[in-house]
Each structure stands twice: as structure tokens, then as C-alpha cells.
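A.B. asks: Structure, please.
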Amino acid sequence: MSEELEAERSHEEMEAERQTALRAVLSFVAVLGILAALVAAVWILVKTKPQAVKKAEEAALARSVAVALVGQASGGAEIVAEGVVESQREVTLTAEVSGKLTEVNEKLVPGGRVRRDEILVAIEPADYRAALEQAKATRDKAKQALAEARLAIEQEEARREQALRDWEQLGGGEPSDLLVRKPQLESARARVASAEADIASAEAEIERAARNLDRTIIRAPFDAVVREESVEVGAVLAPGISIATLFSEESLEVELPLKLADYALLRRDADGQVEGEVTLTGTLGTRSVSWPARIVRTTGEVSRGALTAGVVAAVEPTDGEGELRLPPPGLFVEASLTGQALNEAVVIPREAVREGDRVAVVAADETLTFRQLQIVRTTPDTVLATSGVEAGERVVLTRLTGALEGTPVTVAAETPAEEGE
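C.D. replies: Got it, this is the predicted structure:
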């Protein structure tokens, strides 16, 4: 009985050990299966990651930038310059004769306006009138002497003829010089020559005295404005003393220095001469006033210090009346000129340009690419280029540090394209 119990117990123990071993094997296989499934799942996720997830990750790494669209240039280049209005005609009047001032025009004050040939000052003329009368008297005396000398010649010629007839009747030989009145005739002819010379000298003196008399009256050479005057009634003048400075307000010009790049864009006629219309704008008090002008010539040389080339614009009066028809000389004005057309160029905001001629462009795949520009013109706000970018492309306005070719970006703000110049 006891042997049967021991055998049954031994069988139960063996069965328990077999069940334990089987469970261990099944657990190991299950763990391997789970690990294999996890590896397969990870591999599938990596290989089949959704595009949206990739983009989300890239967007998380992308830089945010502001951009501006590149515009197309059209029309003529707008050129801006500055200058000061000056009178083309200006003269300083000086005394040509000496004497005391007896008259000064009441308009001869700074800002006074005088008309052409209007008397400005008068110098005491008495001495010059006397000199003119004396010259005339000298001429009349010389004319009288000439008449007497010519009469003397006629008389001596008559005496000579009579002496020759008498000599022939006497049957004489060769007559002497004294007989034929030769010394007397030579003397009379000398007096004629002297009188003629005296007359010529007197005539010249009359002209000089008349000019000096005319110079005692000083007139305005053209319609003018008085810039300054320096005389008063009673002052004694000497030749060369300044009396007044006048300028014409109808002949006004402005010299405009231009950058060499702008100068190269000016329009030219068939002969290669610079031409073009100009608009001048100045401030008078609280008013901004504009006047038309046109380029009439160049200054002919480049400023060595500023590296600019100058053009001169003649101011044209407006249709209005009064003082605003023309700008006052000395007024500072801004000038606007239209140059040659730049239809093949594009317009780029100046703030987008880096290192002088480079820009960052946002490509179609939202990454950065860098371009070099061929710049033909620079203004305070824009740059015009003929190569490097095309109209419609997006240039980066944001300052980027350490950005490389292909860096992903997101556009935070977009400025519309600037058209024209």
C-alpha cells in the first residue's frame, strides 16, 4: 500500500515539473513575439511616417521671416537732387568818373526793383560839361586855324603864279625858291596839317568829355532787383568805387550736383547733349511751391571731392502772378528729374540688400537661397537690378544670422511689390 502511494506521488511530481517547464517555454516565446512585434511596429512607423508629421517637425525648426515681393520697373528713372536758386544775370555797378553824388534813386535799397535804363545815381556834372565845352572850343579854334592856313595856301599860290609871270616877262632864267614862294607855301601847308591834327585831337577830346558827362548818370542795365547798395547823396566817388549790385529775377538757374550713376541715366538728344524737364520744389513760409525748369547745360566736369557731376536747370515762370511766378534767388529747392527708362530692371526694397549686392530669396519649397544682384541704381528706399532676381520672387527683409543655403523658413509677413522706379 505504501509502495502504491509513493509511486502515485512520484508521478504527480513529474507531471508538475513538466507543466512548469512548458509554461516557461511558452512565456519565453510570448516575450520574443512581443519584442518582434514592437520592432516591426517601430520599423513600419519610421518607414511610413506621414508627410504632415515631417512638415510639422520642419516647421518647428524653420525660421520666421518677413518678405517683400520683387516688383517690375517701369517708366523713367526718378532722379532727385538739391540746389540753390541763383540769378544768371548779376552785375556790380561801379563809378567810372569821380565826383560828388547829387542824386540817389529811392529804389536803390536791398530788395528794390528797378526798370531797364532807370536812373540810379547822378554825379555832379558841372566839371564834365565844362570839359566838353572846352573841347568843343578847342575844336572850333583848330577849324579856324585850318581855314586860315588853307586861305594862306591859296594866297601864296596866287602870289607864286604872279611872280612866275613877271619873271617870264623879264626873260629871266631859272627862278629861285624864294621867287616862287616855296618857303611860304611849305609853311602854310604845315599850318594846315597842324590844324587838321588839332581838329582830330579836339574831336577825340569831345568824345571823351561827352562819355565822361554821360557817365555822371548811372542807369540800370536791365530790369533788376537790388541786392545791395553802398552809396549816399553827398558822397564823393572815385573811379572803381562800388555803387550797387543788381540781379535779374527773370533769368534764374539752379546747379544740381548728381551722383555719377544718376548722371549716366539722364536723357540725351540726338547730339548726345543732356536734356530733360525738371520740377523744382521749395518752401516759402508754410507753403510748398513748385516751379518748372529744364536742363540747359552741364557744368562740364566731375567734382573731385564729392564725385558728382552737375547739370544746370533754367527756371521757367509759372502761370501765376506776383512773387510766386518765380522762386526768389537764394532759395533752397529740391529737384525731381525723369531719366531714361529702366523697363528691364526689377525693384527691390533697399532693406533687403545685404553686403552691398546680395539678397536672400524664399524659394518655392520655403527654403532660403542666396543671390547676387547686378545693381544699376540705388535710391533711398529701393534698389534697381537687371539680374539676380525676377519680378514676383520673395526677398527676405528680416535680418538673418548664421542662415545657410537651404535653411527652412516660414513667411510671417509679405509686403506687396513696388512698381515703377
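
A.B. asks: Tell me how far residue 217 lies from residue 123.
C.D. replies: From residue 217 over to residue 123 the distance is 8 Å, taken as CB to CB, to the nearest Å. In this view, the C-beta of every residue, glycine as well, is placed from N, C-alpha and C.

A.B. asks: quick one, which of those two is more surrounded?
C.D. replies: The neighbour count for residue 217 versus residue 123, taken as other CB atoms under 10 Å, is higher for residue 123 (24 against 13).

A.B. asks: Need phi/psi at the closest residue to residue 134 other than its chain neighbours.
C.D. replies: With sequence-adjacent residues excluded and distances taken as CB to CB, 6 or more residues apart in numbering, residue 134 is closest to residue 209, at 7.7 Å. Here is the backbone geometry of residue 209 (degrees, to the nearest 10): phi -70, psi -40.

A.B. asks: Residue 209 contacts residue 132, doesn't it?
C.D. replies: Yes - contact criterion CB atoms under 8 Å: residue 209 and residue 132 qualify, at 3.8 Å.

A.B. asks: Can you classify the residue lying closest to residue 136 once chain neighbours are set aside by secondary structure?
C.D. replies: Excluding its sequence neighbours, the residue lying closest to residue 136 (CB to CB, 6+ apart) is residue 206, at 5.8 Å. Following DSSP: H, G, I helix; E, B strand; the rest coil, we place residue 206 in the helix state.

A.B. asks: who's in contact with residue 206?
C.D. replies: 132, 135-136, 139 (CB atoms under 8 Å, 6 or more residues apart in numbering).

A.B. asks: ok, now residue 359?
C.D. replies: Taking CB under 8 Å, 6+ apart as the test, what residue 359 contacts is 348, 352-353, 370-371, 373, 388-389, 395-396.

A.B. asks: Show me the strands in the stretch 101-250 of the chain, by range?
C.D. replies: With DSSP state E, counting those that start in this stretch, the ranges of strands along the stretch 101-250 of the chain come out as 113-114, 119-123, 217-219, 224-229, 236-237, 242-247.

A.B. asks: mind putting the ones you listed in TSV, mean pLDDT included?
C.D. replies: Output for these, formatted as TSV (pLDDT from 0 to 100):
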stretch	mean pLDDT
strand 113-114	93
strand 119-123	95
strand 217-219	95
strand 224-229	91
strand 236-237	92
strand 242-247	94
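
A.B. asks: Leaving out sequence neighbours, find the closest residue to residue 67.
C.D. replies: residue 394 (4.1 Å).

A.B. asks: Specify the beta-bridge partners of the one you found.
C.D. replies: Using DSSP bridges, the bridge partners assigned to residue 394 are residue 69, residue 362.

A.B. asks: on that earlier part again, mind giving me TSV with the contacts of residue 359 and columns for secondary structure and neighbour count?
C.D. replies: Below are the contacts of residue 359 laid out as TSV (DSSP: H, G, I helix; E, B strand; the rest coil; neighbours: other CB atoms under 10 Å):
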residue	secondary structure	neighbour count
348	strand	26
352	helix	24
353	coil	19
370	strand	15
371	strand	16
373	coil	21
388	coil	20
389	coil	18
395	strand	25
396	strand	23
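
A.B. asks: Tell me how far the residue lying closest to residue 308 once chain neighbours are set aside lies from residue 83.
C.D. replies: With CB to CB, 6+ apart as the criterion, residue 308 has its nearest non-adjacent residue at 4.0 Å, and that residue is residue 257. The gap separating residue 257 from residue 83 is 7 Å, by CB to CB.

A.B. asks: Those two: which is more packed in?
C.D. replies: Legend: neighbour count by other CB under 10 Å for residue 257 and residue 83, higher for residue 83 (21 against 18).

A.B. asks: For the more buried one, name its beta-bridge partners.
C.D. replies: residue 333.

A.B. asks: just to revisit the earlier point, measure the residue nearest to residue 134 to residue 138 for me?
C.D. replies: From residue 209 to residue 138 the distance is 10 Å (CB to CB).

A.B. asks: Looking only at neighbour counts, state which of those two leads.
C.D. replies: residue 209 (20 against 17).

A.B. asks: Quick check, pLDDT for that one.
C.D. replies: Note for residue 209: predicted pLDDT of 93.

A.B. asks: quick one: it and residue 136, what's the gap?
C.D. replies: 8 Å.

A.B. asks: With residue 245 instead?
C.D. replies: Counting by CB to CB - residue 245 and residue 136 are separated by 37 Å.

A.B. asks: now swap in residue 231 and tell me
C.D. replies: 31 Å.

A.B. asks: Compare neighbour counts for these two and give me the winner.
C.D. replies: Set residue 231 next to residue 136 and count neighbours by other CB under 10 Å: residue 231 wins out with 19 against 16.

A.B. asks: My understanding was that the more buried one contacts residue 102; is that so?
C.D. replies: No - with contact defined as CB under 8 Å, residue 231 does not reach residue 102; the gap is 11.5 Å.

A.B. asks: Low-confidence ranges, the chain, go.
C.D. replies: 1-61, 163-164, 166-181, 319-323, 419-421 (pLDDT under 70).

A.B. asks: again, only this time at 50
C.D. replies: 1, 5, 51-60 (pLDDT under 50).

A.B. asks: Spatially central, which residue of it would that be?
C.D. replies: Centrality entry for the chain: nearest residue to the mean C-alpha point is residue 256, 1.6 Å, by CA atoms, centre = their mean.
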